[in-house]
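Undergrad: only geometry, no sequence info:
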C-alpha cells in the first residue's frame, strides 16, 4: 500500500489528557487503574476512568448529542490542537473532502441504560429527553464529530468490538486511495457503561485487580475508556510537507501497512492457535512490503485474559519465530486498561509516541511473564531507536487487525526497493 | 476531483416486509406483481451449526439469508469473500433485554446476551457459518447505513481489486425503544460486487457522491418502506436493476450527502 501520513494525533485516557501527559505517564510507568467505583456498578474489578467527564459541555446547538461518549470525544478532539489541525485541513482540502471514520463498541449506551431506570411508571415510556439517534446509536460519535467540524464528506462508525478503531485506518486508506477524500479523521472513542462491565463479568473475563497482560497469573481485563484521533493524509510528493500541517518531517509518522482477517471460529473466544491473528500480521507486513525482521517493537493486543494472550503469543511466534524471534513486545493495557473500541487508536498513538521518543514502553502490572508464551515481553521502559512498529487489535466475533507504523525516513529507505 | 467507482453486481439478496427474497421481490419491484406489505419472513439459518443456530438473533438470520441468496447467484460459495456489514443498529430485542436487566436489581446478564450485543455479532456468526477468514468491515451510519456500507464495499472492490459482499440489515426494537426508533420490521439487502464482468453479472454500477436529491418511490407503500428502514434506502437501486433498464438513481446516505448510481444491465 501507499504509506499515509498521520499529520496530527492525540489521545486521552485514564493515564492522561493529550500527548504530553500520556508520554509522561508512559515514561514514568504510572499506574492509574483503580478499584471500580463507576456509577452504581458493584463488581470486584478495576477500571481506567477519565476524570471529570461530567464537566464537559456540548458545543452550542449540539445539546442533543450529550452523552458520556460524545463528552469524551469532545475532550479528546480539543487536546494538542487537534481541532485546529482539522480546521486547517478543511481550509486546504474543503469540508467535503475530509472523511470521518471512528470506532466504538458501545457508543452512548450508558444514556439508554440510565433511561431504562427512568421509564414512566405507568406507561413504561423512556424519558422525553432521551435522544436515541445522537446518543445511543452506534453512529453517534461520528455524527457528533462531523457536526462539530461542519464536515460534509463521507462518514461511518466502525463497530467490530475491540478491533474497531484499528480498522478505521483501513477504511480511510481505501477511501483516500479511491479518490473519494483527501484526508480523514480516524480514531476511536469508548466509555465506561454497565453493559460492558456486567457483560465481561458474565464471561468471567474481568480481573479482580489491575490487569496483568502476559503474566503467568493473568486473570482478565480491566476496562478503561479513551478517545484517540489521528488526521490521515496522503504523503506529499516531496518529503517536506507543505499544505499539510505536520510539524516536524524528521519525526513524521506514517501508516505503512494494514492487515485484517476473521477467525471464523467462535463468538467470544479467539482461535486457539491464533490463526486469524497470524493472518492479520502477515498481511500487514505484506501490504507494507516488509519482512518480520523490519519490525522493531510489537504493541500487543495483550488484554490479559488467559486465552487472548495465549492465542496472540502463538500467532506472534508463528510470524516472527524465523526471522525476529526476540522482537520486543508489550501491551499498553496494564496502563490504560482495555479501552475496547478505542483501543486500536489509543495504541496507534502510543506507537507514534514510542517512535518519536525512541523508547520501548514496558508493560505495567505484570510481575512474572508467562514463560510458556515465549515472547520477549518488556516489563521496563527501554531507550531504543525505533523505525517501524506493529500494533495488534483483535475482537469479539473473531475480528483481527494489525497496523504497521514507521518514521518517514524509514519508509523512504524502504520504498526504494520494495513494492 | 470527483471520484467515480465502477463495479459489477453478480448477486442480490433481499428480505423485507412483503418481499421474501430477491427472486420473487424483483418481480414486484419490476412492477410485474403488486407490492403488498406483510410481516417479514426469515428463513431458518441452515448453514449455522446447531448450537449457534439456537443462539442466533434475528439480525444474524436476516444477514445470513440475504447473503446466501446473493452468493448462490454469483456461484461464489467458499470463495473467502471480503465482506462489509452495515447495520443501523444491532439486534433490537437483545439490546432491549440487556437494558431491562441492567435497570433491574439483578444485573447478571447472560454471556450469550452479551456476545450477541456487539454490533459485529452478525459478522461473527457469518464468518463462522461461511468459514470465511477474509477481512470484514462492520459499519453504522444511522439512517445512512446502506450508503456507508455501499461506499466501503465499493472501495474494497476497486482498491483491492477483489470481490466483496455487502450485507446491510436492520431489526426492530420492542417498546419502549420502538417509540424512539420506530423501525417496523426485519429487513436486509445483500449485494455481491466484483471488479470484473462475469457471465453471472446482473448489472454494472458506477457510483459517485452527490448533493442531488434522493430518489423517492411513487408507490406510497414502497416509499414508506424506503424511509422507515435504513437498509431499504437501497431499494431504488434494486428496483432499477429489476427493471433491467439503464438509469441514474440517487440513494440517500448522510443528511447532506447522497450517492449517485449509474445502472447498466448486463
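TA: Ah, there it is. These numbers come from a predicted model, not from an experiment.

Undergrad: what does the helix or strand harbouring residue B:85 contact?
TA: Residue B:85 belongs to strand B:82-87 when assigned by DSSP states H and E. Residues from elsewhere that reach strand B:82-87 (C-beta atoms under 8 Å, 6 or more residues apart in numbering or on different chains): A:138, A:156, B:59, B:63, B:119-120, B:122-123, B:126-127, B:132, B:134-141, B:145-146, B:148-150, B:152-153, B:156, B:160, B:162-170, B:231. Yep, even glycine has a C-beta here, placed from its N, CA and C like the rest.

Undergrad: list the contacts for the residue of the stretch 251-400 of chain A found nearest chain B?
TA: Per C-beta to the nearest C-beta, residue A:397 is where the stretch 251-400 of chain A lies closest to chain B, at 2.7 Å. By C-beta under 8 Å, 6+ apart, the contact set of residue A:397 is A:160, A:161, A:262, A:267, B:115, B:118, B:120, B:121, B:123, B:124, B:125, B:127.

Undergrad: buried ones in the lowest-mean-pLDDT helix or strand in chain B?
TA: Evaluated with mean pLDDT, DSSP states H and E, the helix-and-strand set of chain B has its lowest mean pLDDT in helix B:50-55, which scores a mean of 82. With burial defined by 16 or more other C-beta atoms under 10 Å in any protein chain shown, the residues of helix B:50-55 counted as buried are B:52, B:53, B:55.

Undergrad: and the last one, what does it touch?
TA: Listed by C-beta under 8 Å, 6+ apart, the contact set of residue B:55 reads B:112, B:116.

Undergrad: Check the spacing between it and residue A:161 real quick.
TA: As judged by C-beta to C-beta, to the nearest Å, residue B:55 and residue A:161 stand 17 Å apart.

Undergrad: from what I can see residue A:139 touches residue B:147, true?
TA: No: taking contacts as C-beta atoms under 8 Å, residue A:139 lies outside contact range of residue B:147: 11.8 Å.

Undergrad: so what's residue 101 closest to, chain neighbours aside?
TA: You didn't say which chain, so I picked chain A. residue A:168 (4.2 Å; C-beta to C-beta, 6 or more residues apart in numbering or on different chains).

Undergrad: if you could check chain B rather than the one you did, that'd help
TA: Using C-beta to C-beta, 6+ apart and skipping the chain neighbours, the partner closest in space to residue B:101 is residue B:109 (5.1 Å).

Undergrad: How about residue B:4?
TA: For residue B:4, ignoring the flanking residues on the chain, the nearest one in space by C-beta to C-beta, 6+ apart is residue B:208 at 4.6 Å.

Undergrad: what number of residues lie near that neighbour?
TA: Residue B:208 is surrounded by 14 other residues when neighbours are defined as other C-beta atoms under 10 Å in any protein chain shown.

Undergrad: ok, now residue A:284?
TA: Counted with other C-beta under 10 Å, the neighbours of residue A:284 add up to 27.

Undergrad: tell me the phi and psi of the residue of chain A positioned farthest from its centre?
TA: The C-alpha centroid of chain A is most remote from residue A:122, which lies 43.0 Å away (C-alpha atoms, centre = their mean). The phi and psi torsions at residue A:122 (degrees, to the nearest 10) take the values phi -90, psi -40.

Undergrad: and the nearest residue to residue A:152 once chain neighbours are set aside, helix, strand or coil?
TA: With sequence-adjacent residues excluded and distances taken as C-beta to C-beta, 6+ apart, residue A:152 is closest to residue A:96, at 4.1 Å. Using DSSP: H, G, I helix; E, B strand; the rest coil, the secondary structure recorded for residue A:96 is helix.

Undergrad: My guess is residue A:96 contacts residue A:155. True?
TA: No: with contacts defined as C-beta under 8 Å, residue A:96 does not count as touching residue A:155, sitting 11.3 Å away.

Undergrad: any idea where the helices of the stretch 251-400 of chain A begin and end?
TA: Per DSSP state H, counting those that start in this stretch, the stretch 251-400 of chain A carries helices over the ranges A:275-288, A:306-320, A:333-336, A:343-357.

Undergrad: and the second one, what other elements does it pack with?
TA: Other elements packing on helix A:306-320 under the criterion 3 or more C-beta pairs under 8 Å, 6 or more residues apart in numbering or on different chains; DSSP states H and E are helix A:275-288, strand A:297-300, strand A:388-395.

Undergrad: 10 Å - rerun?
TA: helix A:275-288, strand A:297-300, strand A:328-331, strand A:376-377, strand A:388-395, strand A:399-407 (3 or more C-beta pairs under 10 Å, 6 or more residues apart in numbering or on different chains; DSSP states H and E).

Undergrad: and those as JSON lines, adding distance to residue B:198 and mean pLDDT?
TA: Rendered in JSON lines, the data for the helices and strands packed on helix A:306-320 read as follows (distance: least, C-beta to C-beta, whole Å; pLDDT from 0 to 100):
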{"stretch": "helix A:275-288", "distance to residue B:198": "25", "mean pLDDT": "98"}
{"stretch": "strand A:297-300", "distance to residue B:198": "40", "mean pLDDT": "98"}
{"stretch": "strand A:328-331", "distance to residue B:198": "44", "mean pLDDT": "98"}
{"stretch": "strand A:376-377", "distance to residue B:198": "48", "mean pLDDT": "98"}
{"stretch": "strand A:388-395", "distance to residue B:198": "33", "mean pLDDT": "97"}
{"stretch": "strand A:399-407", "distance to residue B:198": "29", "mean pLDDT": "97"}
